[in-house]
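In: Let's see this in three dimensions:
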Amino acid sequence: MRQRRRGRATLAAVAAMCAVAALPVQAHAAGESAPYTFDPEAKTIQGAEISTDASELTAGSVYKSSIKPGEKLYYRLDLDADTNAYVSAVAVPKLGGQVAYGDGIKVSIRDSTDLQCSSEDARFESAEFARPIAAYAYRVPEKDSTTCDEAGTYNVLVERESKATSSQDAWDLELRYESEPKPKEGGSTPTRAPENWPSASPPPLTQTAQERPGGTSYYDATSLQTGKWKDGIEPGQTHFYRVPVDWGQQIFATVDLGNSVGGSNEYIGSALGLSLDNPAHGHVDEASPLSYSGKPASVSLDPLPPVAYENRFASSADASAMRFAGWYYLSVSLSPEVEKAYGKKAIPMTLTVKVENSAGPSPYEGSAGVFSVTQDDKDMARSGQSAPQAAKSDTMNTVAAAGIGTGTVLVLGLGAWTLIARRRTASAAGGPTATGAAGQAPYGGPPQAW
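Out: Okay, the predicted model is just below:
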């Protein structure tokens, strides 16, 4: 029995190490070009051109699909009368592909009669270079409304528009479906957006910037907290970061792009983009594209309202998107045109993030999943871990615990075997006796590793 238990403990340690080996690592390192990293748990799914053929999406799941120019693809939701459903689509054009002004996707959720519950576009505008873009749509039943408030089948429609001069390759899609928790019972749920909120930018941070290389996607985005963070970005790259923003908190972000050492001063319009998305991967806002001429340059997001449940009633899309607590995603993209004038070498940049205000109470009943900020989230933001790095760290702790347990058993077994062996040797020499033949090693020999 002891040998079998030792075997099981060792097997547990080996299994945990195998789990670590299977985990994807953060795909981007400073100065290294990398494609978009899809969530490894994403299920492959095909969009349907006919709504009645659409495959169902389930809450809390991630899917990988694709869409060609001009396609209109359907996916299905089966909803009750009360669920607030959010479906996002991240469109990922091929690196180096050609896009034009107005190219992009539209995501909408529609009821069985094709009435639209909501929609959002994600399009390339003045920054006409290929990079991941995201949009979401939602079905949120409202009082005194006769649209999208019944239980039944709903359709998610993803449409792509691309000019004839653009690359005609299919774009990958990463789809997510999240359901929002229900508000606390008996609580007063606001029905109007705040009319006034702090709109002044906070004073600049004076601390020294620390290294934090960005990730390649929402999945492996680097976690950040308030601070100044150094990175380097190559032409054509998009770096992803995420920041935990709790109820009542306000996020501010600025990117400072360093100068080029090459001596060129060629002007590149719309060279760098800074964008913010919410925990449901819905687009919040983006800064005006930054031009670059080889000199230091800076761009910031406009001030946004503090996170509040009632922001959903705001008339502006950016304020309405600040409706959840959770991870907010920052992405920074550098145009491939920069390479022609300044080379492929990464340009240094500093991302300054500031989260203002103390956290307030959650409006939800019970656990809120992705629509919350946990202590683990704060720890990841402090350490700079991405989600896969945190998972790997947790698994390594399991390996260490299993290894210590197995090692302790082996050490104790070896100690006991040595003690018995010494007693039998002493007995053979006329000393105190021990059970068994004199000088014979204990039964079974030393403990085995398995």
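In: and stretch 51-63, how far from the chain's centre?
Out: Distance, stretch centre to chain centre, for stretch 51-63: 20 Å (Cα atoms, centre = their mean, to the nearest Å).
In: What are the contacting residues of it?
Out: Outside of stretch 51-63, the residues that reach it under the criterion Cβ atoms under 8 Å, 6 or more residues apart in numbering are 39, 41-48, 74-78, 83, 85, 87, 155-156, 173-179, 369. C-betas here are computed from N, CA, C, even on glycine.
In: Please spell out which residues along it are buried.
Out: Judged by neighbour count using 16 or more other Cβ atoms under 10 Å, the buried positions of stretch 51-63 are 51, 54, 57, 59, 61-63.
In: Output it in PDB with nothing but the alpha carbons.
Out: Listed in PDB are the C-alpha atoms of stretch 51-63, where the atom choice follows Å, rounded to 0.1, in the frame of the first residue of the first chain:
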ATOM      1  CA  SER A  51     -29.900  31.600 -40.000                       C
ATOM      2  CA  THR A  52     -31.700  28.300 -39.500                       C
ATOM      3  CA  ASP A  53     -28.400  26.500 -39.900                       C
ATOM      4  CA  ALA A  54     -26.500  28.500 -37.300                       C
ATOM      5  CA  SER A  55     -24.500  26.700 -34.600                       C
ATOM      6  CA  GLU A  56     -25.300  27.600 -30.900                       C
ATOM      7  CA  LEU A  57     -23.000  29.700 -28.700                       C
ATOM      8  CA  THR A  58     -23.000  28.900 -25.000                       C
ATOM      9  CA  ALA A  59     -22.300  31.400 -22.200                       C
ATOM     10  CA  GLY A  60     -18.700  31.600 -20.900                       C
ATOM     11  CA  SER A  61     -17.300  30.000 -24.100                       C
ATOM     12  CA  VAL A  62     -14.700  31.100 -26.700                       C
ATOM     13  CA  TYR A  63     -14.900  30.200 -30.300                       C
END
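In: Give me the mean pLDDT for it.
Out: Along stretch 51-63, the predicted local confidence has a mean pLDDT of 97.
In: Same question for stretch 161-168.
Out: Mean pLDDT, computed over stretch 161-168, is 96.
In: Report the buried residues of that stretch.
Out: Buried, per 16+ other Cβ under 10 Å, within stretch 161-168: 161-162, 166-167.
In: again with stretch 109-129
Out: Neighbour-count burial for stretch 109-129, with 16+ other Cβ under 10 Å as criterion, is recorded at 109-111, 117-120, 122, 124, 127-129.
In: now do stretch 76-93
Out: Residues of stretch 76-93 classed as buried under the neighbour-count rule (16+ other Cβ under 10 Å) are 76-77, 79, 83-93.
In: how about those residues, which pair is most distant?
Out: With distance counted by Cβ to Cβ, no two of those lie farther apart than 83 and 93, which are 32.1 Å apart.
In: Now do residue 379 against residue 364, distance only.
Out: With distances taken as Cβ to Cβ, to the nearest Å, residue 379 is found 22 Å from residue 364.
In: Settle it for me: which of these two has more neighbours?
Out: For residue 379 versus residue 364, neighbours defined as other Cβ atoms under 10 Å are more numerous around residue 364 (20 against 14).
In: Am I right that the more buried one is in contact with residue 371?
Out: Yes. Under the criterion of Cβ atoms under 8 Å, residue 364 lies in contact with residue 371, with a separation of 7.0 Å.
In: so what sits against both of these two?
Out: residue 181.
In: before we move on, back to that, let me have the buried residues of stretch 51-63 in JSON lines, adding secondary structure and distance to residue 303 as columns.
Out: Rendered in JSON lines, the data for the buried residues of stretch 51-63 read as follows (DSSP: H, G, I helix; E, B strand; the rest coil; distance: Cβ to Cβ, whole Å):
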{"residue": "51", "secondary structure": "helix", "distance to residue 303": "41"}
{"residue": "54", "secondary structure": "coil", "distance to residue 303": "40"}
{"residue": "57", "secondary structure": "coil", "distance to residue 303": "34"}
{"residue": "59", "secondary structure": "coil", "distance to residue 303": "33"}
{"residue": "61", "secondary structure": "strand", "distance to residue 303": "34"}
{"residue": "62", "secondary structure": "strand", "distance to residue 303": "32"}
{"residue": "63", "secondary structure": "strand", "distance to residue 303": "34"}
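In: Residue 392: which of those residues is nearest?
Out: Checking the buried residues of stretch 51-63 one by one against residue 392 (Cβ to Cβ), the nearest turns out to be residue 62, at 18.8 Å.
In: give me the low-pLDDT residue ranges for the chain?
Out: Filtered on pLDDT under 70, the chain yields the residue ranges 1-34, 187-188, 263, 393-450.
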